[in-house]
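**Student:** Fold the following for me, if possible:
(2 chains)
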Amino acid sequence: MRFPRVVRQITVLTAASALLLGIPAAAASAASAAAAGTGWIRLAHLSPNTPAVDVYLYSFGNSNAKIVLRHVAYGTVSPYEAVSAGDYSVAMRSAGAAASSQPVLSTSVTVKAGHTYTVAGMGPESGLRLQVIDDSLTAPTGKSSVRVIQASLKEQTVKFHCSCGGDITPKASFASVSSYAAIPPGTWTMSAIVGGSAKATLPVKLVAGTVHTEVVLDGSNGLEIVDLLDAAGAGKPPVGGVTTGLGGTAGHGPGSPAPWLAVIGAGALVATFGGLRLRRHALRRQLNTGI
Amino acid sequence: MQIRRPAAIAFAAGLVVIVGGTAGLLLTRHSTPALRPVAAGVAALPVPTGPIVAPPQSAEPAPVASPVSLTIPLIGVKTNLITLGLAAGGAMQVPSSTTVAGWYTGSPRPGAIGSAIIVGHVDSVSGRGVFFRLPELKNGDDVFVKRADGTTAEFRVTEIQTYPKDHFPTDTVYGPTPDPQLRLITCGGAFDAATNHYLNNIVVYATQVR
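**Tutor:** Coordinates of the predicted model:
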């Protein structure tokens, strides 16, 4: 793996959140995920020189945290959590600090139904801030939406290039979030370029109908790129509705009377023919008798 | 006399056919009611057993194996899953058999991040299809998808919607989602005998819980 540290952190984070929330609680929250009035939040630590933190998510006005993530280190991005639409606050405390202690930072976030948000600790430690980032849940038909979060302090400004044939952002400054670029499907090499030389590269497979975030991080040696799959749908959505019924159990009106009318007509023809023949024979017999 | 007999027979036969045809016509002048699902609540099938794996994480898109079967115990659905693509004109391909459901290969695999699409018939020309009882599902009901690697993803119903086919909400049903979800699609509403199609689609939304 290119990013064992990040992967390990995320695994630990997931395990910790599952333990904290308890499986039934996690199941209940996920169960309502697609229901009307649901949005999604994920939490991230993207401040390079800030030590690990505990991140709390509160439903506004409720002092019992809805989600607590412990020992969240730089480079960690949680999975999305489904939450009811409404107002929330996010608080960061030093790792291990009491839940009742004054947070180092806090911010409020309004979750709209059907929208996704990343709440990230951004910037240098001296200027640490909690930033609410609006994430996209749409991709142009047949393409992927890709954006860049520049979270490297080692290199203040990078150009982020895609081998698909262009820059996703020509100039990403530290702690910035780019707009989304529409990228065709394929496996592309993403590069963080400084002064004409690539400081980090990553092959990224893009499937149509997906939304990705590429995060530029300070690595233990140089820079790193982490690819996040934010959302996925049908890259080529089927046109219109789906024809999944042949009517065998549907109510239906009387069938066409035409076949029965044809039978009656045929009967009438035969009867008429027979009747005429009978009449003709009868006439002939009368004539014969007469002579 | 010999000449007259066939004519009399034809005359009589013609009258019989007229009587029979009229009887047939009169006997088929009534409507048949729609078949409706029976009341729900009978756990017809046992919950499948086997390893249940956690949903994948954003930064670690662990490959999810292809879906092979679908079980919805509450409504007695247990079917293998075939693969479906697009039909001519770009519409969703549907299973050629009405007793089996299919996964649209242009959508994410069930259990991977995104909206996985599974389609099944409500009926055939003469009887019930695999998704006949789909409208009986309620929020919180379980749906299980078994994958080729033997793992099972468990989903929970969150929403059931009926849409007119001529106003099908493509983005809502097929658009990206940030967590592993499932959409089960079948037909419903009135049957249009002129086009031989139902007028509505029923879409069951479910979200992965395990």
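
**Student:** all helices in the stretch 1-150 of chain A, in order from the N-terminus.
**Tutor:** All helices of the stretch 1-150 of chain A, identified by DSSP state H, counting those that start in this stretch, fall at A:4-21, A:23-31.

**Student:** tell me, which of these is the model least confident about?
**Tutor:** In terms of average pLDDT, helix A:23-31 trails the rest of the helices of the stretch 1-150 of chain A, at a mean of 35.

**Student:** where are the low-confidence patches of the chain?
**Tutor:** Since you didn't name a chain, this refers to chain A. For chain A, the stretches flagged by pLDDT under 70 are A:1-36, A:252-256, A:287, A:289-291.

**Student:** that's the wrong chain, I wanted chain B
**Tutor:** B:1-4, B:28-62.

**Student:** Break it into its domains for me.
**Tutor:** Residue ranges for the domains of chain B, per automatic domain parsing: B:1-30, B:34-208.

**Student:** could you say which helix or strand contains the residue lying closest to A:Pro257 once chain neighbours are set aside?
**Tutor:** In this structure, A:Pro257 finds its nearest non-sequential neighbour in B:Leu25, 5.6 Å apart by C-beta to C-beta, 6 or more residues apart in numbering or on different chains. Backbone N, C-alpha and C define where each C-beta goes, glycine included. Using DSSP states H and E, B:Leu25 maps to helix B:4-27.

**Student:** helices or strands next to that helix in the packing?
**Tutor:** helix A:258-290 (3 or more C-beta pairs under 8 Å, 6 or more residues apart in numbering or on different chains; DSSP states H and E).

**Student:** Surely B:Ile118 is in contact with B:Pro110?
**Tutor:** Yes - contact criterion C-beta atoms under 8 Å: B:Ile118 and B:Pro110 qualify, at 7.3 Å.

**Student:** who's more crowded, these two?
**Tutor:** Using other C-beta atoms under 10 Å in any protein chain shown as the criterion, B:Ile118 and B:Pro110 rank with B:Pro110 on top: 30 against 25.

**Student:** Please report how far that one lies from A:Ala139.
**Tutor:** Using C-beta to C-beta, to the nearest Å, B:Pro110 is found at 20 Å from A:Ala139.

**Student:** if you compare the domains of chain B, which one is most tucked away?
**Tutor:** domain B:34-208 (a mean of 19; mean count of other C-beta atoms under 10 Å in any protein chain shown).

**Student:** Just list the residues touching A:His161, thanks.
**Tutor:** A:His161 is in contact with A:Asp167, A:Ile168, A:Met190, A:Ser191, A:Ile193, A:Ala198, counting by C-beta atoms under 8 Å, 6 or more residues apart in numbering or on different chains.

**Student:** Please report phi then psi for residue 178.
**Tutor:** I'll assume chain A. phi -80, psi 170 (degrees, to the nearest 10).

**Student:** Report whether stretch B:136-144 contacts chain A.
**Tutor:** Yes - using C-beta under 8 Å from any C-beta of the partner chain, stretch B:136-144 reaches chain A at B:Asn139, B:Gly140.

**Student:** you'd agree A:Thr169 is up against A:Ser178?
**Tutor:** Yes - contact criterion C-beta under 8 Å: A:Thr169 and A:Ser178 qualify, at 4.0 Å.

**Student:** any shared contact partners between the two?
**Tutor:** Shared contacts of A:Thr169 and A:Ser178, defined by C-beta under 8 Å, 6+ apart, are found at A:Val148, A:Gln150, A:Phe160.

**Student:** now, among these, which is nearest to B:Leu184?
**Tutor:** Comparing the shared contacts of A:Thr169 and A:Ser178 against B:Leu184 with C-beta to C-beta places A:Val148 closest, at 36.3 Å.

**Student:** So that closest one sits against A:Ser179, correct?
**Tutor:** No - if you go by C-beta under 8 Å, A:Val148 and A:Ser179 don't touch, sitting 9.3 Å apart.

**Student:** Those two - which one has more neighbours?
**Tutor:** A:Val148 (27 against 10).

**Student:** circling back: need the domains of chain B in CSV (columns: distance to A:Leu202).
**Tutor:** Below are the domains of chain B laid out as CSV (distance: least, C-beta to C-beta, whole Å):
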stretch, distance to A:Leu202
domain B:1-30, 69
domain B:34-208, 12
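
**Student:** between those domains, which one is nearest to A:Val68?
**Tutor:** Closest among the domains of chain B, using C-beta to C-beta: domain B:34-208, at 17.7 Å.
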